[in-house]
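Asks: sequence and computational prediction follow.
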Amino acid sequence: MKIILIAVAVVAFIGGGLYLYNSSLPNENVTGQNEETVSENARVMNDEEAPTTGKLKAANFSGTLEEVNTGCFADGECYVVVDGKHITVLRGWSRDTVGTVQGVEGIGDLESHIGAEVEVYVQDLSDGTYTLYGSEGFYVKLK
């Protein structure tokens, strides 16, 4: 009986090790039927989230920080609202090129500065929203 329990424990230990090893390897990309590249357990980008090619349309303005949302801490979207303008700061699942939040330690620290003046240099998505995605030079800066 002891030998059987030891054998089961050894097999479980080896199986667990193999599982952890395989789960740490990068997933191979698979092309879906809609010509979107997705990997296992990944989110699919909407067309409006797709990376742009060519020249980006940028906007530079200052205003009052009205709202801070830290949804990216839970794989959602972190955004700020400056004078009624929605600015995507970070998406929890994205690995795209993104700008910075300046003047504070992190995005969450912006919450204590609601009502403060900020300067922004962002990509204009031409739909009334803006984003830090597209260039490392984009920023939201606390004045």
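Replies: Good, I have the coordinates.
Asks: distance-wise, check the residue sitting nearest the centre point of the chain relative to Leu65.
Replies: In the chain, the residue lying closest to the centroid (Cα atoms, centre = their mean) is Arg91, at 2.5 Å. Counting by Cβ to Cβ, to the nearest Å, the gap from Arg91 to Leu65 is 20 Å. For the C-beta atoms, the positions are set from N, CA and C on the backbone; glycine is no exception.
Asks: helix, strand, or coil at Phe13?
Replies: Put simply, Phe13 is helix when judged by DSSP: H, G, I helix; E, B strand; the rest coil.
Asks: switch to numbering from 51
Replies: Understood, numbering begins at 51; the last thing we discussed is Phe63.
Asks: can you pull the pLDDT of it?
Replies: At Phe63, the pLDDT value in this model is 75.
Asks: residue contacts, it?
Replies: Residues in contact with Phe63 (Cβ atoms under 8 Å, 6 or more residues apart in numbering): none are found.
Asks: look up the residues forming beta bridges with Leu140.
Replies: When assigned by DSSP bridges, Leu140 has beta-bridge partners Cys128.
Asks: low-confidence regions, this structure specifically.
Replies: Per-residue confidence for the chain (pLDDT under 70) gives these ranges: 66-68, 70-103.
Asks: what ranges do the strands span in the chain?
Replies: Under the criterion DSSP state E, strands of the chain are mapped to 79-81, 87-89, 108-120, 127-132, 135-141, 150-152, 167-174, 179-181, 189-192.
Asks: now these in a markdown table, with distance to Tyr69?
Replies: As requested, the strands of the chain are exported to a markdown table (distance: least, Cβ to Cβ, whole Å):
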| stretch | distance to Tyr69 |
| --- | --- |
| strand 79-81 | 21 |
| strand 87-89 | 19 |
| strand 108-120 | 33 |
| strand 127-132 | 32 |
| strand 135-141 | 29 |
| strand 150-152 | 37 |
| strand 167-174 | 41 |
| strand 179-181 | 37 |
| strand 189-192 | 41 |
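Asks: relative to Gly158, which of those is closest?
Replies: Of all the strands of the chain, strand 108-120 sits nearest to Gly158, with 5.4 Å by Cβ to Cβ.
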